[in-house]
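1. Sequence plus predicted model, see below.
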Amino acid sequence: MKPKMDMIAGIFLFVFSVIMYYASFSIKILMVSRIGSRFVPQLLAIAMGILSLVLVVQSLLRMKTEEIQAREKKGGSAAWSLRDTVPIWGTFLALIVYAVTFEPLGFIVSTTLYLLVQFYLLTSMVKRKHLVFLISAVLTSVVVYFIFVKVFYLMLPEGILG
Amino acid sequence: MSNMLQGFASVLTLQGIFLLTVGTAVGIVFGAIPGLTATMAVALVLPLTFGMNPVYGMTLLIGLYIGGVSGGLISAILINIPGTPSSVATTFDGYPMAMKGQAGKALGAGILYSFWGGLFSFLVLIFISPPLADIALRFGPFEYFSIAVFSLTLIATLSTGNAIKGLLSGIIGFILSCVGTAPIDAFPRFTFGFAELDGGFNLLPALVGLFAVAEVVRAADESRREEKMTVFEYNIKGFGVDWGEFKYQFWNFIRSSLIGTGIGILPGIGGGTSNILSYVIAKKNSKYPEKFGTGVLDGIVASETANNASIGGALVPLLTMGIPGDTVTAMLLGGLMIHGLTPGPLLFTSSPVVVYGIFAACILGNFVMLIMEYYGLRVFVRLLKIPKHFLLPIIMVLCYVGAFGLNNRAFDVWSLLLFGFLGFGLEKFKFPMAPVILGFILGPMAETNLRRGLMLSQESFMPFITKPISAAFLLIAVASIGYTVYKDFLKVRLNKK
């Protein structure tokens, strides 16, 4: 594990623990007992703070030793293009949009749209079969809807089709 | 004894057998396809059991569990990718055997020892749980607190990689469980005025999000890389082992079963850990350790026996104390709660039919798995060829359905996403995920019992240390943290030289 990433994680968690510690002061407590509802969150925040600092220190130590090793060999960094991250951000966005449209558009419509987008995001240009994707998306949404609503009596939003 | 017969009677109905069969089949599918796990299978099917009677619901889930853990061996042997984390070690010798043209032997042996390992652990489960439940009945808040802390530290320190990260993951999970209403005095915590947060995050979306959603997002991350999977042809005759080999592997089998069951019993860790541990120990104790990795039967025996043995083991703490033995049992906990049952020692007296029904489902399910995997192997192998870009989005949809179907509110879907992104982030930064779930489940147990205990003892911390069982667990907890931090420290020291 690259120590730099550990360091970033450690710093992030440390900041989080500080914020959490202060946020926990808004938790009301009864004066009766010494250990109230604030105790555990604060304890956790402190523990997280300490551990994240240890992580940062650990990663700094590792970065030092790896610096020495890296100077001895000249490695090239892997080619990394922005285009490679499109699927990830696209997936994040697709999932969020799916969640937002789930109730208003209804299950079938939002699911069909989501599946289409996701199929495209997960395949490269070569492998895309547009008609197959479209049919699968619609078919899956409808089939899942019917199985879960009619057979299992689960409730799913009808949205604009209702 | 009569309880056991009742248990069998409640499962051996047409519907029961049907559910068990379907559950096991689906479980094997999930187990065999890399990226889909037993935990996910249980999580997705869980909301469906809502309308069923509890015994049937649990039967279905147990079938998924057994099939899911065992199914991983199929892809492990044939394509060198473990179908689930429980079959990692099976790839070590399974795939080399396939390369040598012995795929059939490997598969047969894997299936057979999955069966025996499972059976061993189920017998342990059936005989140990009732007395253990009796003992657990006498546990008070002090003991429960210490056991929760012990479990948390154990999973944090034993999970792969950095112990510090493991502990941090556990703390993250614990913190997430604090959102909502505080135990005992019911004050709102971290709800920021949102009414939906008053109830906190629900376990199902959390679990499904953490494991399933993170998986889909990861597939998106890796989608630019083409992967060609060559699946080996095989010819399966018999169960891969002749009588002589069976006798030779006997001690390996016993040892692996014990390891598997023991690790299963330890809260939080299960098949994922036991298969590797068992393999390593088998290698150490073997007369030909250098042959491990080239395709020896011992490796498969060790791995597959242990991972199925962890099933029975994991059910022990779940049923006797309400503490999940691994991630799947964490979901089973949710399953029992959906039916209004609280797992723990009282379950044995209040709903013995459910408990013994679960035992019966385990034994029967084991047989179903054996038959299905052996005869249905062809079908499962074909399923391995479904492209991921179809499978994962559909899984995602099922996750949304499961999350929404729980309480009919979009908030659970958002929880799903939150935990999904969290899971993805954790994976990216190489933080272990299992401690998060354990922290989420055990956190409330720890806090509630801490405060209850303190109320009982008039604010004194002494009983936690003076009561023998409580003290023992706390001691082990502290010791395990100390030991792993020390080990890590040594590692950093060694790297400096």
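-> Sure thing, it's come through.
2. Tell me, please, the helix or strand in the chain that averages the lowest pLDDT.
-> I'll assume chain A. helix A:39-72 (a mean of 83; mean pLDDT, DSSP states H and E).
3. hmm, I had chain B in mind actually
-> helix B:214-222 (a mean of 73).
4. Could you export it as PDB, CA atoms only?
-> Presented in PDB, the C-alpha positions along helix B:214-222 are these (Å, rounded to 0.1, in the frame of the first residue of the first chain):
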ATOM      1  CA  ALA B 214     -18.800  -1.200  -3.700                       C
ATOM      2  CA  GLU B 215     -18.400  -4.200  -5.900                       C
ATOM      3  CA  VAL B 216     -20.300  -2.600  -8.800                       C
ATOM      4  CA  VAL B 217     -18.400   0.600  -8.500                       C
ATOM      5  CA  ARG B 218     -15.200  -1.400  -8.500                       C
ATOM      6  CA  ALA B 219     -16.200  -3.100 -11.700                       C
ATOM      7  CA  ALA B 220     -16.700   0.300 -13.200                       C
ATOM      8  CA  ASP B 221     -13.300   1.200 -12.100                       C
ATOM      9  CA  GLU B 222     -11.700  -1.800 -13.800                       C
END
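5. Please identify the buried residues of it?
-> Residues B:A214, B:E215, B:V216, B:V217, B:R218, B:A219, B:A220, B:D221 are the ones in helix B:214-222 that count as buried (16 or more other C-beta atoms under 10 Å in any protein chain shown). C-beta: built from backbone N, CA, C; applies to glycine.
6. Identify the residues contacting the nearest residue to the fourth one once chain neighbours are set aside.
-> Excluding the flanking residues, the one nearest B:V217 by C-beta to C-beta, 6 or more residues apart in numbering or on different chains is B:F424, at 4.5 Å. Residues near B:F424 by C-beta atoms under 8 Å, 6 or more residues apart in numbering or on different chains: B:V213, B:A214, B:V217, B:R218.
7. can you count the residues close to the closest residue to the first one other than its chain neighbours?
-> Once flanking residues are discounted, B:V213 sits nearest to B:G420: 2.7 Å by C-beta to C-beta, 6+ apart. Neighbourhood size, B:G420 [other C-beta atoms under 10 Å in any protein chain shown]: 26.
8. Please report phi then psi for the closest residue to B:G344 other than its chain neighbours.
-> Closest residue to B:G344 apart from its sequence neighbours, by C-beta to C-beta, 6+ apart: B:G322 at 3.9 Å. Main-chain torsions, B:G322, degrees, to the nearest 10: phi 80, psi 20.
9. Name the residues of stretch B:401-412 that are buried.
-> B:V401, B:G402, B:A403, B:F404, B:G405, B:L406, B:A410, B:F411, B:D412.
10. Whatever helix or strand the third one lives in: what's the following helix or strand?
-> Yep, that's B:A403 we're talking about. Per DSSP states H and E: B:A403 is located in helix B:388-407. Later in the chain than helix B:388-407, the nearest helix or strand by DSSP H and E is helix B:410-428.
11. can you give me the angle that following helix makes with helix B:214-222?
-> Per axes from the mean of the first three to the mean of the last three C-alpha atoms, to 10 degrees, the angle that helix B:410-428 makes with helix B:214-222 is 50 degrees.
12. Please go through chain B and pick out the longest helix.
-> When chain B is parsed with DSSP state H, its longest helix is helix B:103-137.
13. Report all helices and strands that the following helix or strand past that helix contacts.
-> Using DSSP H and E, the helix or strand that follows helix B:103-137 towards the C-terminus is helix B:141-158. In terms of contacts (3 or more C-beta pairs under 8 Å, 6 or more residues apart in numbering or on different chains; DSSP states H and E), helix B:141-158 is packed against helix B:163-178, helix B:434-456, helix B:462-466, helix B:468-496.
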